[in-house]
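S.K.: Generate a structure from the sequence data that follows.
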Amino acid sequence: MDLTIRQIRYVSEVARLGSMHAASVSLRISQSSILAAIELAETEMGARIFERRPSRGVRVTPAGERFICAARSMLTADAEFKRTIARLGGLSTPAIRIGCFNPFGALFIPDTLKRYIERVGPVEISVLEGDQLQLREWFANGAVDLVVTYDIGPHFKENTTRVCKVPAHALISRSDQLARQPAVSIAELATRPLVLLDLPQTALYLLTLFDVLATQPTIGFRTRNYETIRTSVACGFGVSVLNMPPLGHASPDGTELIRLPITDDLPAPTLVIADVYGSNKPEYVRVLIEVIREFFRDLGPHGFAIATLKNEETLFDV
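M.R.: Next comes the predicted model:
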């Protein structure tokens, strides 16, 4: 194949952005260079990669989907090759790029990375925090080496490692009468305004937990920020339903808040780590996955601030 890695990157960027103009701006090259790369790739394949739509950008064809999938694997391998050569030549500190579900960056990722550095030595670490849609985009275009998230929404097609189940719990102001109880039900929470973590796919999952009721709760406050959730509940805007509490060195809730188990038998998402390497994981990826799993295994079912009322023994069985 006469295509270069650079040209493959051009084609992949057009697929990601859905426009040759947008790819030109992103890559800071001329549209003619991008068009030449696309034409060469289509000639090599013997099929159209994109369907051109005047004034509406491009759309990837079924044949193009197969090309883009292979291209992303190639680009990931290229990045890993360059990092390996740099390390062998002593030219750079090992580097790892992690994508994580936005709240995780403050709740437990630093603690796991501290363990990781203690295990492998100095490492240059980049953490991208985003919602489920952003994580999939970064994963697809090779911006991260692995992703730490929940198995909410469309599953990652590539290899995933399951870590543990994370049941939902309630976050309540201590001034609320519900805070006097040892646990609460979904029905009781629905009597209060809901402070919703309004991230793509996450909000849908959280609202689905109330499907056992005849009506959905009233949304009292929407925010995409975990810290704003805590402050809003403390200020009396309502109650919230969350999954991951603060762990390790994460900032504690403070005296105005309390977390309670939910008595209903609710579906619990699984914390997963997705990577593109399958069984051929580089050492630096394999070790990080091991460290994250060990972190949660060491916590045990009672290591969370909230213990489930039912099936505690199954919390860490994955």
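S.K.: mind checking the SS state of the nearest residue to Gln201 once chain neighbours are set aside?
M.R.: Distance criterion Cβ to Cβ, 6 or more residues apart in numbering; nearest residue to Gln201, sequence neighbours excluded, is Gly153 at 3.7 Å. For every residue, glycine as well, the C-beta is placed using N, CA and C. Per DSSP: H, G, I helix; E, B strand; the rest coil, the secondary structure class of Gly153 is coil.
S.K.: Just list the residues touching Gly153, thanks.
M.R.: 132, 200-201 (Cβ atoms under 8 Å, 6 or more residues apart in numbering).
S.K.: can you rerun that using 10 Å?
M.R.: If a contact means Cβ atoms under 10 Å, 6 or more residues apart in numbering, then Gly153 has 131-133, 135-136, 200-202, 204-205, 269 as its contacts.
S.K.: same question, Ile186
M.R.: Ile186 touches 168, 170, 209-213, 217, 241, 262-264, 266, counting by Cβ under 10 Å, 6+ apart.
S.K.: Next, find the distance separating it from Gly238.
M.R.: From Ile186 across to Gly238, the span is 14 Å (Cβ to Cβ, to the nearest Å).
S.K.: same thing with Ala168?
M.R.: 16 Å.
S.K.: With Ile98 instead?
M.R.: From Ile98 to Gly238 the distance is 33 Å (Cβ to Cβ).
S.K.: residue boundaries of the helices in the stretch 201-318 of the chain?
M.R.: 202-208, 226-234, 283-299 (DSSP state H, counting those that start in this stretch).
S.K.: Please disregard the earlier target; I meant the stretch 51-200 of the chain.
M.R.: Using DSSP H, counting those that start in this stretch, helices in the stretch 51-200 of the chain cover 62-88, 104-107, 109-120, 132-140, 186-189.
S.K.: Rebuild those as a markdown table, extending it with mean pLDDT and distance to Asp176.
M.R.: Shown next, in a markdown table, are those (pLDDT from 0 to 100; distance: least, Cβ to Cβ, whole Å):
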| stretch | mean pLDDT | distance to Asp176 |
| --- | --- | --- |
| helix 62-88 | 77 | 48 |
| helix 104-107 | 94 | 23 |
| helix 109-120 | 93 | 30 |
| helix 132-140 | 87 | 30 |
| helix 186-189 | 96 | 10 |
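S.K.: Let me see the ranges of the strands in the stretch 151-300 of the chain.
M.R.: 159-165, 169-173, 194-197, 219-223, 240-242, 257-261, 270-275 (DSSP state E, counting those that start in this stretch).
S.K.: Can you list the strands that the longest one pairs with?
M.R.: Note on strand 159-165: by DSSP bridges, its sheet partners are strand 270-275 (antiparallel).
S.K.: Show me what counts as buried in the partner strand.
M.R.: Using 16 or more other Cβ atoms under 10 Å as the test for burial, strand 270-275 gives 271-275.
S.K.: Enumerate the positions of the worst-scoring helix or strand of the chain on mean pLDDT that are buried.
M.R.: None of the helices or strands of the chain scores lower by mean pLDDT, DSSP states H and E than helix 62-88, at a mean of 77. Residues 64, 67-68, 71-72, 74-76, 79-80, 83 are the ones in helix 62-88 that count as buried (16+ other Cβ under 10 Å).
S.K.: repeat for stretch 48-59
M.R.: Residues of stretch 48-59 classed as buried by neighbour count (16+ other Cβ under 10 Å): 49-50, 57-58.
S.K.: closest to Gln7 among these?
M.R.: When the buried residues of stretch 48-59 are ranked by distance to Gln7 (Cβ to Cβ), Ile49 comes first, at 11.9 Å.
S.K.: related to what we said a few turns ago, of the strands of the stretch 151-300 of the chain, give the one that comes closest to Leu113.
M.R.: strand 270-275 (13.4 Å).
S.K.: how close does Ala71 sit to Glu44?
M.R.: 12 Å.
S.K.: any weak-confidence spans in the chain?
M.R.: 1, 80, 82-94, 157-158, 300-318 (pLDDT under 70).
S.K.: Tell me who's in contact with Ser173.
M.R.: For Ser173, the contact set (Cβ under 10 Å, 6+ apart) comprises 179, 192, 195, 232-240, 256-258.
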